[in-house]
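# this one's sequence-less:
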């Protein structure tokens with residue numbers, strides 16, 4: 001029986017909604033942050049009055065939750081992200097004075113003037129490549145076009161600058177943005193952007209819908225949450241031994257140790273791979289939908305928020321030969337990159353220091369654990385996962401340095417590149433259980449990412465039975 005077959009009275013209710021989320025408490029920290037960024041307030045007042053007030057709001061918010069496990073996860077994640085962002089912008093730096101926060105309104109033509117969106121739609125490939133080159137130009141070369149806080153003449157313009165800064169996790173178009181991802185040349189114009197992201201959004205929609213169909217109907221025991229009973233959030237037995245999906249052998253082919261291990265390892269990798277794919281697809285789909293909506297509104301609301309260059313791809317090309325540091329630092333999304341590294345910059349921890357690497361993953365673990373806490377009063381899994389990423393990455397750097405002293409580098413050896421790739425995939429899959437288990441057992445799969453399903457009944461996304469491309473023949477065990 002799948003989760004969708006349960007009567008409403010038996011469906012999962014997050015253990016955290018006793019104190020429902022308050023919109024007022026959510027809004028107040030953002031108002032305080034934007035006010036501190038927009039107005040010329042003493043830095044001492046900002047650090048010792050406004051920042052503590054914001055963190056007081058966070059303390060209150062962390063006691064709240066939602067009956068929806070998906071919303072509950074979002075509450076803690078946003079709180080933790082915003083807390084780190086406040087430390088970055090209001091404590092570790094001074095955006096009103098730091099040259100790193102000079103803003104460059106996008107995009108620029110070869111003459112340095114803003115590009116007319118209507119003209120850009122009919123521009124040649126050469127013009128598109130020029131625009132992309134301009135966006136990739138080092139910020140130092142753009143200084144003469146940058147807008148500083150001191151250049152803003154009105155209160156309204158300062159509020160606009162502060163709001164853009166507060167709601168730009170990757171600080172796109174600011175000088176000290178850590179973003180390295182770029183748009184393809186064909187997507188630098190509005191028409192090209194809508195075509196490029198539109199086709200990918202359709203494909204991602206179909207994929208995430210299928211994964212939901214697979215997890216809820218073909219492998220239901222693994223994806224459904226574990227209901228809190230007798231004061232215990234999860235049942236250890238159900239946590240470790242959910243029945244296999246309907247298509248997978250119920251038992252190993254023999255009692256031999258090797259056969260049992262292969263049966264278990266294969267099932268484990270399939271489930272981890274499915275959940276990893278779901279994370280990647282869902283994040284990319286959400287990013288694409290936001291990007292398409294904003295860029296489509298460009299003729300009505302022109303500005304940096306509706307420019308294609310404000311929505312560079314979330315993920316970069318996967319290059320496993322660069323190891324764990326390359327995977328997390330370059331291939332994975334960089335939404336939180338700056339807030340994870342700004343404390344190390346503030347305390348003068350060098351780029352190549354293992355302490356810097358470990359601190360970034362500690363902060364990442366705390367951020368994701370905050371989501372698990374407001375989702376279902378759990379927190380250990382994500383923290384362990386990200387601490388292990390820091391441990392594995394540090395060990396890899398040590399090994400690479402040792403090989404380098406012997407005149408060996410990964411890039412010069414096909415064998416070493418394959419070894420590194422296998423190591424990265426193996427480490428991510430082995431440690432992934434600490435991350436994925438926390439959320440699936442907390443009810444994250446009870447959320448519905450699509451409004452209409454082509455796999456689960458051809459109706460609302462919440463449909464579970466009959467019809468659709470999935471039909472009813474592959475349903476899980478009753």
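Sure, I can see it. Every value quoted in this text rests on a predicted model; they were computed, and no experiment measured them. Numbering: from 1, shown residues only.

# drop to CA atoms for contacts and neighbour counts, all remaining ones
OK.

# which is the next helix or strand following the longest helix along the chain?
Counting by DSSP state H, the longest helix found in the chain is helix 257-296. Using DSSP states H and E, the next helix or strand after helix 257-296 towards the C-terminus is helix 323-326.

# picking up where we left off before, avg pLDDT for the longest helix of the chain?
What helix 257-296 shows for mean pLDDT is 92.

# what packs against it?
The criterion is 3 or more Cα pairs under 8 Å, 6 or more residues apart in numbering; DSSP states H and E, and the helices and strands that helix 257-296 contacts are helix 190-213, helix 414-441.

# just send those back as TSV, with distance to residue 78 and mean neighbour count too.
Output for the helices and strands packed on helix 257-296, formatted as TSV (distance: least, Cα to Cα, whole Å; neighbours: other Cα atoms under 10 Å):
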stretch	distance to residue 78	mean neighbour count
helix 190-213	23	19
helix 414-441	16	18
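
# rank those helices by pLDDT, which is bottom?
helix 414-441 (a mean of 88).

# shaky segments in the chain?
Residues of the chain meeting the criterion pLDDT under 70: 1-20, 107-145, 226-240, 410-412, 457-478.

# Three-state assignment for the closest residue to residue 336 other than its chain neighbours, please.
Counting by Cα to Cα, 6 or more residues apart in numbering, residue 169 is the residue found nearest to residue 336 once chain neighbours are left out, at 6.6 Å. Following DSSP: H, G, I helix; E, B strand; the rest coil, residue 169 is assigned to coil.

# ok now do residue 169, which residues does it touch?
Contact analysis of residue 169 by Cα atoms under 8 Å, 6 or more residues apart in numbering lists 335-336, 338.

# make a ChimeraX selection of the buried ones in those.
Restricted to buried positions by 16 or more other Cα atoms under 10 Å, the ChimeraX selection for the contacts of residue 169 reads:
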select :335,336,338
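
# what's near enough to touch the residue nearest to residue 179 when sequence neighbours are not counted?
Among residues not flanking residue 179 along the chain, residue 170 sits closest, at 6.1 Å (Cα to Cα, 6+ apart). Residue 170 is in contact with 177-179, 334-338, counting by Cα under 8 Å, 6+ apart.

# next step: those residues restricted to strands.
Among the contacts of residue 170, no member is found in strands (DSSP state E).

# which of those lies closest to residue 61?
residue 336 (20.7 Å; Cα to Cα).

# could I get the phi/psi values of that closest one?
phi -110, psi 10 (degrees, to the nearest 10).

# can you tell me how far it sits from residue 210?
29 Å (Cα to Cα, to the nearest Å).

# can you check residue 291 too?
Counting by Cα to Cα - residue 291 and residue 210 are separated by 23 Å.

# related to what we said a few turns ago, buried stuff in the longest helix of the chain?
263, 267-268, 271-272, 275-276, 278, 280-282, 284-285, 287-288, 291-292, 294-296.

# can you show me the strands along the stretch 51-200 of the chain?
With DSSP state E, counting those that start in this stretch, there are no strands along the stretch 51-200 of the chain.

# what about the residue lying closest to residue 315 once chain neighbours are set aside, neighbour count?
Closest residue to residue 315 apart from its sequence neighbours, by Cα to Cα, 6+ apart: residue 333 at 4.8 Å. For residue 333, the neighbour count with other Cα atoms under 10 Å is 20.

# how about the contacts made by residue 333?
With contact taken as Cα under 8 Å, 6+ apart, residue 333 is in contact with 314-316.

# by neighbour count, which of the residues you listed wins?
Neighbour max across those (other Cα under 10 Å) = residue 314, 19 neighbours.

# and it, what does it touch?
Applying Cα under 8 Å, 6+ apart to residue 314 gives the contacts 181, 284, 287, 332-335.

# can you check residue 336 too?
81, 169-170.

# distance to residue 70 for the residues you listed - can I get that in CSV?
Listed next are the contacts of residue 336 as CSV, based on distance: Cα to Cα, whole Å:
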residue, distance to residue 70
81, 17
169, 21
170, 24
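
# coming back round to it: between the longest helix of the chain and helix 190-213, how many degrees?
140 degrees (axes from the mean of the first three to the mean of the last three Cα atoms, to 10 degrees).

# isn't residue 403 right next to residue 409, touching?
Yes. Judged on Cα atoms under 8 Å, residue 403 makes contact with residue 409 at a distance of 6.6 Å.

# could you export the helices and strands packed on helix 257-296 as JSON lines, including distance to residue 36?
Formatted as JSON lines, those follow (distance: least, Cα to Cα, whole Å):
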{"stretch": "helix 190-213", "distance to residue 36": "34"}
{"stretch": "helix 414-441", "distance to residue 36": "35"}
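
# which one of those lies nearest to residue 41?
helix 190-213 (39.1 Å).

# same for that closest one, what does it pack against?
Where contact means 3+ Cα pairs under 8 Å, 6+ apart, helix 190-213 is packed against helix 117-121, helix 257-296.

# the next helix or strand after that helix - contacts with which helices or strands?
If you walk from helix 190-213 toward the C-terminus, the next helix or strand you reach (DSSP H and E) is helix 220-223. Helix 220-223 sits against helix 414-441, with contacts defined as 3+ Cα pairs under 8 Å, 6+ apart.

# which strands or helices does the helix it packs on pack on?
helix 220-223, helix 257-296, helix 323-326, helix 380-405.

# now do the last one against helix 414-441, angle only.
Angle of helix 380-405 versus helix 414-441, following the same axes, to 10 degrees, is 170 degrees.

# pull out the buried residues from helix 380-405.
380-390, 392-394, 396-397, 400.

# if anything else comes up later, I'll come back, but that's it for now.
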